[in-house]
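**Student:** how would this look folded up:
(one chain, ligands or ions: 1)
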Amino acid sequence: MCGIVGFVGQKADALPFIFDGLKRLEYRGYDSAGIALALPQGIAIRKSKGKITLLESVLGSLPPGPCGIGHTRWATHGRPTDQNAHPHTDCHGEIATVHNGIIENFQELRAELIAAGHQFVSDTDTEVIPHLLEHYGGAQDLESAVRQAEMRLKGAYAFLAVSSHEPDKVVAVRRTSPLLIGLGKNENYLASDFSAFLAATRRAVAMENGDMAVVKPTTYQIWDAGGHLVDRPVIEVDWDIKQAERGGYPHFMLKEIMEQPEAWSDCLLGRLDGGRVVSSELGLSNELLSHVSRIQIVAAGTAYHAGLIGKAIIERVVRIPVAVDVASEYRYQEPVLEQGTLVIAISQSGETADTLACVRMAKEEGRVTYAVTNSVGSTLAREADAVVYTHAGPEIAVASTKAYTTQILVLSLLALALAQSRDMARPELVQMLRELPGLGHEVLERMDAVKTMAEKLANNHDVFYVGRGIDWALAMEGQLKLKEISYIHAEAYAAGELKHGTLALIEEGTPVVAIITESTLAEKTVSNILEVKARGGEVWGIVDEKLPSTLPIDHRIDIPMRSPLVSSVLAAIPLQLLAYWTAVTLGKDVDQPRNLAKSVTVE
Ligand code: AGP
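**Tutor:** Below is the predicted model of the structure:
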């Protein structure tokens, strides 16, 4: 959680760069924001509670400088106030720090520093860092102070520090929370993710866990946890900045929904050959694939819902048992991980703390871990034994859309690759995958009816989503999308479960979204719909277009389904748009819903 940005250059243009970077990282947290410049006359700071736009109004009086740091906050310790906003400074205003993550032993350190005469002004855990640096002489020798302070800090975090006495460097530490060094010309950058400096460079170095770096305008040095000077590989992304901007859409979420057909093409690019999947492009050898006897998927939120669909696809295509668990639960369950189990961690950001914990646990058990992620250079990508990228491009809206559907596609590819490794190739499914981007465009063109549906849905307090099989998994994602951005209470049920309790909640006019893309289960779901309608419920159907026009549904959206094994992503589009338009109708902050952040790097 939280986004951090650093700049060090030869010209005095740190301020506009950092401000721009913070705007791009605002999805990581938007409770407060701030910028500090290291100037010879001292640290100059401006910060403000609320969104970046509020910070902008106080930046005007900040003098220019060549070195600085910035922060956009998602509050953990201390309420979102001006005082708790980062950057934080030492007692004399000579050192400033920004921090992402949690300092677990901050109370003990704070008490010790207060006893030594330091004055604290915030409730944050972060503020112990600049005071600790001051304690170790950081104003004059920041690098050495950071080394000493590092040994005292416990927790999972990343931080940047600058000193007014050394305005030619930013010192950075990464312990678990993500941190990248962007490589520019006569200037270098630091940020929690690529999008902050994508306008300036596509080249970066991902700091590893335990690394400390000293970054200057034309050089950077990195030391590992053992204090050895190390070379970390330079990574290059092919995203352009337009991909990270809204591209003319009113919200990132809408843009990201609309660009799904392209994202699917990118995700499939180079991974299909005739009637086969190019297994090597998935990051796993044929040898390994052929020895997988079980799969355990771990993930959170939307990624978990993608995992549920992955389970159905893999089990049906290749008959390997798949378990799917929410990472925050799985890590504490003392799970049994049998020999031959492939542990798949799905995460758009590659930084979700619980998902990473599961991967570490599985590695300790000696199991092969496999990351399905969208983020090049993320912790998950680097820690898992193998990685496959979803290639969805930057996803900025907090509500995940294109990352979700590309995760499902990658899991379909994996199912087909597993099948091939067992001489069970399914060329007809490979062909259907090829058709998906075209069908995606077709679905997007038919979506006017969803807007009308949303305008009606917006008047309700409760909405139910039902389906069977893969449609149940889709229903779970549909309800999460609606909840997180419209704040309407929504719940998903396996259609056959309604009569075991929830049916009692259905009354005249209660909206029920029924998903029927599994045509073999259609008849069963229709019986459940009739039960709903008999109690006065109003049914909104997202259905396979081949199903009869006589289905007992009040409002119907048709999907050009081929097979649920590969086409479920098409049905995700109306579910995403239904949530989107409902939130827009209600005037909600679609891209930055309350209480949420894009990347959850704390437990
Ligand atoms: C999705 O709309 C959510 N914002 C959230 O559930 C998200 O999918 C979850 O936090 C997992 O994130 P990850 O994919 O980056 O691990």
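**Student:** Show the pLDDT at whatever residue of the chain ends up closest to the ligand.
**Tutor:** The minimum distance from the chain to the ligand, using C-beta to the nearest ligand atom, falls at residue 301 (1.8 Å). Quick note: C-beta positions are derived from backbone N, CA and C, even for glycine. Each residue has a pLDDT score; the one for residue 301 is 97.
**Student:** secondary structure class for the closest residue to residue 310 other than its chain neighbours?
**Tutor:** Nearest residue to residue 310, sequence neighbours excluded (C-beta to C-beta, 6 or more residues apart in numbering): residue 411, at 3.2 Å. What DSSP: H, G, I helix; E, B strand; the rest coil gives for residue 411 is helix.
**Student:** How about residue 512?
**Tutor:** Secondary structure, three-state DSSP: residue 512 is strand.
**Student:** does any part of stretch 411-422 sit near the ligand?
**Tutor:** No - using C-beta under 6 Å from any ligand atom, stretch 411-422 stays clear of the ligand, with a minimum separation of 13.5 Å.
**Student:** which residues are in contact with that stretch?
**Tutor:** 268, 271, 276-277, 279, 282, 284, 286, 289-290, 292, 306-307, 309-310, 313-314, 317-318, 320, 344, 346, 372, 388, 425-426, 429-430, 433, 565-566 (C-beta atoms under 8 Å, 6 or more residues apart in numbering).
**Student:** Give me the buried entries from these.
**Tutor:** Buried members of those, counted by 16 or more other C-beta atoms under 10 Å: 268, 271, 276-277, 279, 282, 284, 289, 292, 306-307, 309-310, 313-314, 317-318, 320, 344, 346, 372, 388, 425-426, 429-430, 433, 565-566.
**Student:** Narrow those residues to those in helices?
**Tutor:** In helices, judged by DSSP state H, the following of those are found: 268, 289, 306-307, 309-310, 313-314, 317-318, 429-430, 433, 565-566.
**Student:** Tell me which two in those are the farthest apart.
**Tutor:** Using C-beta to C-beta, those span at most 21.9 Å, a distance reached by 307 and 430.
**Student:** residues touching residue 311, list them.
**Tutor:** 295, 297, 322, 323, 324.
**Student:** should've said residue 440
**Tutor:** Applying C-beta under 8 Å, 6+ apart, the residues near residue 440 are 260, 261, 264, 569, 570, 573.
**Student:** And it, how close does it get to residue 128?
**Tutor:** 50 Å (C-beta to C-beta, to the nearest Å).
**Student:** correct me, but the residue of the chain closest to the ligand touches residue 480?
**Tutor:** Yes - counting by C-beta atoms under 8 Å, residue 480 is a contact partner of residue 301 at 6.7 Å.
**Student:** In a markdown table: the contacts of residue 311, plus secondary structure, pLDDT and neighbour count.
**Tutor:** Conversion of the contacts of residue 311 to a markdown table gives the following (DSSP: H, G, I helix; E, B strand; the rest coil; pLDDT from 0 to 100; neighbours: other C-beta atoms under 10 Å):
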| residue | secondary structure | pLDDT | neighbour count |
| --- | --- | --- | --- |
| 295 | strand | 98 | 26 |
| 297 | strand | 98 | 27 |
| 322 | strand | 98 | 21 |
| 323 | strand | 98 | 15 |
| 324 | strand | 98 | 22 |
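**Student:** residues in the stretch 201-350 of the chain within reach of the ligand, list them.
**Tutor:** Residues of the stretch 201-350 of the chain lying near the ligand (C-beta under 6 Å from any ligand atom): 300, 301, 302, 303, 347, 348, 349.
**Student:** Go again with 8 Å.
**Tutor:** 299, 300, 301, 302, 303, 304, 346, 347, 348, 349, 350 (C-beta under 8 Å from any ligand atom).
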